[in-house]
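K.L.:
Build me a model:
(chains A and B)
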Amino acid sequence: SQQGEEDPQALSIQEGENATMNCSYKTSINNLQWYRQNSGRGLVHLILIRSNEREKHSGRLRVTLDTSKKSSSLLITASRAADTASYFCATGGSNYKLTFGKGTLLTVNP
Amino acid sequence: DTAVSQTPKYLVTQMGNDKSIKCEQNLGHDTMYWYKQDSKKFLKIMFSYNNKELIINETVPNRFSPKSPDKAHLNLHINSLELGDSAVYFCASSQGGTSGIGEQYFGPGTRLTVT
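P.N.:
I've put the predicted structure just below:
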């Protein structure tokens, strides 16, 4: 069953602007991960946030996690054209299974 | 020095044929996965092996059979291909841990087209 649900499905912004994507999920998790997929390529891991963490940073990425609302957000600051890609959240439980959402297609216009 | 590699990258075949996709990882990970990504980009787990043992087997037709000869390799064999099998198949690997699943490393994908 699908776990994560990203919002919005598509987002178009100008270079230099910030991009925010949201993810909601339904059951308890051990961690939540964000991945990027460029067109025609495999997924690339961006960041992992554990269920006992509330915020995590990595370069221009900032991820928040609210377990009470079962939601997470990914913020990309000062976006670049090279950030154009699909972004997926994935929830990890106590087993080896990651369940992916449908993704947000981000387009950064130069 | 590709971390997770898959062959072939593209596969075009006719209905009813049997085909295999191969995956290799050189990261020393103990867990490998097969995912199917459909035309709407929805990514769904199919199988997972941990130390050559099948640990995840989602609701997948038994025409699909994974095989893991060793920890670094996971192959996917598909019998009697159908039109609905057309998709991109991704292999991934990760290192298991006691605190649940960690980050996964994905291969470049195999685009399967069944005509």
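K.L.:
Just the element for the residue positioned nearest the centre of chain B, please.
P.N.:
A centroid search over chain B (Cα atoms, centre = their mean) returns B:W34, at 2.6 Å, as the residue closest to the centre. Under the criterion of DSSP states H and E, B:W34 resides in strand B:31-37.
K.L.:
For chain A, tell me whether that strand is touching it.
P.N.:
Yes - for strand B:31-37 and chain A, the contact criterion (Cβ under 8 Å from any Cβ of the partner chain) is met by B:T31. Backbone N, C-alpha and C define where each C-beta goes, glycine included.
K.L.:
Could you give the average pLDDT over that strand?
P.N.:
Taken as a whole, strand B:31-37 carries a mean pLDDT of 95.
K.L.:
Tell me which residues are up against that strand.
P.N.:
Strand B:31-37 has contacts (Cβ atoms under 8 Å, 6 or more residues apart in numbering or on different chains) with A:96, B:23, B:25, B:43-51, B:55-56, B:66, B:68, B:71, B:73-74, B:76, B:87-96, B:104, B:106, B:109.
K.L.:
and the residue nearest to the centre of chain B, how far is that from chain A?
P.N.:
13 Å (Cβ to the nearest Cβ, to the nearest Å).
K.L.:
Who does that residue form a beta bridge with?
P.N.:
Under the criterion DSSP bridges, B:W34 forms beta bridges with B:F47, B:C91.
K.L.:
Please apply the same query to A:S86.
P.N.:
Judged by DSSP bridges, the bridge partners of A:S86 are A:Q37, A:L105.
K.L.:
For chain B, what lies in contact range of chain A?
P.N.:
Checking chain B against chain A by Cβ under 8 Å from any Cβ, the hits are B:4, B:31, B:40-45, B:48, B:50, B:55-56, B:90, B:92, B:94, B:96, B:99-109.
K.L.:
Can you show me the strands along chain B?
P.N.:
B:4-7, B:10-13, B:19-25, B:31-37, B:43-50, B:53-57, B:64-70, B:73-78, B:87-94, B:105-106, B:110-114 (DSSP state E).
K.L.:
same thing with chain A?
P.N.:
For chain A, strands defined by DSSP E occupy the ranges A:5-7, A:10-14, A:19-24, A:31-37, A:43-50, A:55-58, A:61-66, A:71-76, A:85-92, A:98-100, A:104-109.
K.L.:
Output these as CSV; include the columns mean pLDDT and mean neighbour count.
P.N.:
Shown next, in CSV, are the strands of chain A (pLDDT from 0 to 100; neighbours: other Cβ atoms under 10 Å in any protein chain shown):
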stretch, mean pLDDT, mean neighbour count
strand A:5-7, 82, 18
strand A:10-14, 96, 13
strand A:19-24, 96, 20
strand A:31-37, 96, 24
strand A:43-50, 96, 18
strand A:55-58, 97, 12
strand A:61-66, 98, 18
strand A:71-76, 97, 20
strand A:85-92, 95, 25
strand A:98-100, 90, 24
strand A:104-109, 96, 18
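K.L.:
which stretch among those strands comes nearest B:Y10?
P.N.:
Minimum separation from B:Y10 across the strands of chain A (Cβ to Cβ) falls at strand A:31-37, 17.7 Å.
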